[in-house]
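J.: pasting the sequence and the predicted model now:
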Amino acid sequence: MHFNDLMLASRRASHVAHYNAVATKMLGHIERHVEWAEATPVIDIGSGYGRLLRHLVGHVEPSRIWACDTDAAAIEFCRAAFGVEGCGSITTPGTTFPEPFGLVVALTVLTNLPRSAVEAIVARLADITRPGGLVVITTHGWDSVHRHLPSYGSQYPALRGHISDALDAEGTCFVPYPHHRGDLGMAWHTPGFVRSLFDGHRFDLVEFIEAGLDDHQDVHIIRRRA
């Protein structure tokens with residue numbers, strides 16, 4: 001494990017156990033819908049320092065797995081620690097892969113991006129996922145609005161009405177970080193919005209799990225139409 005891994009609260013045994021339990025549970029969600037021998041190659045978008053990746057290499061040959069993250073240090077760590085391939089953002093012009101992926105995982109990625117960036121990523125997922133391939137993403141949904149706003153910062157509970165109204169009207173809401181000049185912030189999406197977004201790129205929802213990631217983020221498991 002790496003000291004810069006923001007998914008790991010500390011090196012305390014209880015925190016390490018939780019870190020691994022979250023990844024193991026997510027792996028179980030994925031395994032309901034894949035045969036590992038047929039799922040390759042695999043890409044973990046937003047891989048960070050390998051919370052899920054370290055478990056994927058137990059099922060898939062590391063050379064058939066790609067770690068993808070905008071944090072170059074995280075990619076180098078994953079390459080060195082797990083023997084996987086690595087790349088930066090999938091939406092960077094010129095980024096290509098040898099073949100389409102059979103399994104695409106993007107945990108805690110769409111949760112922090114504006115609608116335009118989310119739409120660009122979904123369009124790119126359609127390019128890199130083979131027919132019949134599986135895409136697994138997470139989003140903030142209604143459970144996040146109802147239970148978790150205080151954990152994001154003191155300003156968010158006061159925005160509950162604004163977020164709820166936006167979700168009711170458009171199915172999505174983005175609140176930029178006040179301290180960040182780029183296109184990052186907190187984003188929420190309804191299951192219906194996500195379904196319609198992927199449907200436009202020939203994907204079908206196969207399972208939705210409310211608060212399925214760490215009793216917090218919603219999990220959407222989606223398959224590319226053959």
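T.: Thanks, I have the structure now. Numbers count the residues shown, from 1 in each chain.
J.: so what's Met1 scoring on pLDDT?
T.: Listed pLDDT for Met1 reads 57.
J.: tell me if Ser196 really is in a strand.
T.: No. Counting by DSSP: H, G, I helix; E, B strand; the rest coil, Ser196 is not found in a strand; it is helix.
J.: neighbours of it, how many?
T.: Residue neighbour count, defined by other Cβ atoms under 10 Å, stands at 11 for Ser196. Quick note: C-beta positions are derived from backbone N, CA and C, even for glycine.
J.: look up the closest residue to it, ignoring the ones flanking it.
T.: Take Ser196 and drop its neighbours on the chain: the residue closest to it by Cβ to Cβ, 6 or more residues apart in numbering is Gly171, 7.6 Å away.
J.: wait, that neighbour sits on Thr190?
T.: Yes. Here Gly171 reaches Thr190: they are 4.4 Å apart, a contact under Cβ atoms under 8 Å.
J.: ok so, going back, if I look at the residue nearest to Ser196, how far off is Ile121?
T.: Distance of Gly171 to Ile121, computed by Cβ to Cβ, to the nearest Å: 16 Å.
J.: if I look at Gly171 and Thr190, which residues touch both of them?
T.: Jointly contacting Gly171 and Thr190 under the rule Cβ atoms under 8 Å, 6 or more residues apart in numbering is no residue at all.
J.: tell me the mean pLDDT for the helix or strand where Thr138 lies?
T.: Element membership for Thr138 (DSSP states H and E) is strand 129-139. For strand 129-139, mean pLDDT rounds to 98.
J.: likewise stretch 219-226?
T.: 96.
J.: quick one, strands of this structure?
T.: For the chain, strands defined by DSSP state E occupy the ranges 42-45, 65-68, 85-87, 101-106, 129-139, 172-176, 185-189, 203-213, 217-224.
J.: relative to Arg115, how far out is the residue nearest to Ser196?
T.: The gap separating Gly171 from Arg115 is 10 Å, by Cβ to Cβ.
J.: kindly report the same for Ala73.
T.: Separation of Ala73 from Arg115 (Cβ to Cβ) stands at 29 Å.
J.: which intervals of the protein have sub-threshold pLDDT?
T.: The model of the chain has pLDDT under 70 over residues 1-11.
J.: give me the contact list for stretch 63-72.
T.: Contacts of stretch 63-72 (Cβ under 8 Å, 6+ apart): 40-48, 50, 53, 56-57, 74-75, 78-79, 82-90, 97, 101.
J.: for the residues you listed, which PyMOL command selects only the ones that are buried?
T.: A single PyMOL command selects the buried members of the contacts of stretch 63-72 (16 or more other Cβ atoms under 10 Å):
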select buried, resi 40+41+42+43+44+45+46+47+48+50+53+56+57+74+75+78+82+84+85+86+87+90+101
